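Asks: Sequence first, predicted coordinates after that:
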Amino acid sequence: MADGPDEDRRLTVEGRTILARRRAGSAVWFDFAALCDGPRSQRDYLEIARRYAVVFLSGVPELGSATADLARRFTWLVDILYDHRVKLVASSDVEAEAIYREAPRPTSSAHGEPPDRDAHARVHGAAPRERRSGRRRGRRRDHA
């Protein structure tokens with residue numbers, strides 16, 4: 001942001017104060033922790049999207065299953081800003097592809113085999129789920 005006087009760094013949304021690093025006009029800069037670590041709701045992000053055209057976000061950490069709450073809030077933020085056509089400029093110490101790491105997939109044996117998708121159905125007497133190929137098959141209906 002350009003040098004000059006900042007606007008008040010405190011935003012009050014839903015009775016909660018969110019501290020920005022800097023604010024000027026239609027742009028605002030937050031640390032990741034200020035927006036995603038703590039009591040935040042989608043309403044907070046909707047209000048930010050209503051007020052600003054550009055949001056700068058610094059310090060986005062590597063996220064995973066141990067930080068599911070942070071990841072959920074970050075996803076809400078990104079989705080809401082995108083839906084309201086607010087530009088998001090984010091910085092992180094990790095590459096974009098490494099921001100969210102899922103836990104390893106569960107296996108059904110010590111040999112690392114993938115889980116048996118139809119085991120539940122066999123145990124409970126239900127029909128196995130139909131496996132789908134990558135193509136979608138549509139049915140044509142002839143109307144007489």
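Replies: That came in fine, so what should we check first?

Asks: can we go C-alpha only for contacts and neighbour counts from here?
Replies: Noted.

Asks: pLDDT score assigned to residue 44?
Replies: Looking at residue 44, its pLDDT stands at 93.

Asks: same question, the one 3 residues further on
Replies: At residue 47, the pLDDT value in this model is 94.

Asks: so how far is residue 99 from it?
Replies: 25 Å (CA to CA, to the nearest Å).

Asks: for residue 34, same thing?
Replies: According to CA to CA, residue 34 stands 18 Å off from residue 99.

Asks: Can you show me the helices along the protein?
Replies: Remark: helices assigned in the chain by DSSP state H are 32-36, 42-51, 68-83, 119-123.

Asks: Can you name the residues in contact with the longest one?
Replies: Yep, that's helix 68-83 we're talking about. The contact list for helix 68-83 (CA atoms under 8 Å, 6 or more residues apart in numbering) reads 36-37, 40-42, 45-46, 49, 63-64, 87-88, 100.

Asks: Pull out the buried positions in it.
Replies: 70, 71, 73, 74, 76, 77, 80, 81 (16 or more other CA atoms under 10 Å).

Asks: Quick one: low-confidence residue ranges for this structure.
Replies: By pLDDT under 70, the weakly predicted segments of the chain are 1-6, 103-144.

Asks: if we go to 90?
Replies: 1-17, 38-41, 62-68, 93-144 (pLDDT under 90).

Asks: Tell me who's in contact with the residue lying closest to residue 19 once chain neighbours are set aside.
Replies: Nearest non-adjacent residue to residue 19, counting by CA to CA, 6 or more residues apart in numbering: residue 10, 4.7 Å away. Listed by CA under 8 Å, 6+ apart, the contact set of residue 10 reads 17, 18, 19, 20.

Asks: what does residue 17 give?
Replies: Per CA under 8 Å, 6+ apart, neighbours of residue 17: 10, 11.

Asks: give me the beta-bridge partners of it?
Replies: residue 12 (DSSP bridges).

Asks: separation between it and residue 93?
Replies: Using CA to CA, residue 17 is found at 27 Å from residue 93.

Asks: Just give me the neighbour total for residue 66.
Replies: Using other CA atoms under 10 Å, residue 66 is surrounded by 11 other residues.

Asks: same check, this time on residue 22
Replies: Neighbours of residue 22 under the rule other CA under 10 Å: 18.
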